[in-house]
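Novice: model this:
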Amino acid sequence: MLEACHEEADTRIVLHCIHAHMESMAVSVPDTDVLVLLLAHFDKMGCSKLLVKAGTSKHPKYIPVHDIR
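Specialist: Reported below is the predicted structural model:
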């Protein structure tokens, strides 16, 4: 149902978040590129709570995109 011709995985993640229609979401990413993209496109998502999981497996950090936005 959802098709994309994006070469970068970062933009595909944002596309899936926009079409997920979830109340809250968490995205696990190793770099900050996706965080910036999620901030830019947060208004297009239907969620009220969006978290980005960063850090290490032993010390994870959850960045609240909804609060930053």
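Novice: Residue 18 belongs to a helix, doesn't it?
Specialist: Yes. Secondary structure of residue 18 (DSSP: H, G, I helix; E, B strand; the rest coil): part of a helix.
Novice: What residues does it make contact with?
Specialist: Residue 18 makes contacts with 41, 44, 45, as judged by Cβ atoms under 8 Å, 6 or more residues apart in numbering. No exception for glycine: its C-beta is placed from N, CA and C like everyone else's.
Novice: now residue 27
Specialist: 13, 17, 34, 38, 50, 51, 52, 53.
Novice: on that earlier part again, which ones among the contacts of residue 18 map onto helices?
Specialist: Mapping those onto helices (DSSP state H) picks out residue 41.
Novice: nearest to residue 26, of the contacts of residue 18?
Specialist: Residue 26 lies nearest to residue 45 out of these, by Cβ to Cβ, at 12.7 Å.
Novice: So the most far-flung residue of the chain relative to its centre, which state does it fall into?
Specialist: Residue farthest from the centre of the chain, counting by Cα atoms, centre = their mean, is residue 58 at 21.2 Å. Assigned by three-state DSSP, the conformation of residue 58 is coil.
Novice: what about stretch 23-35, start to end distance?
Specialist: Start-to-end span of stretch 23-35 (Cα to Cα, to the nearest Å) is 18 Å.
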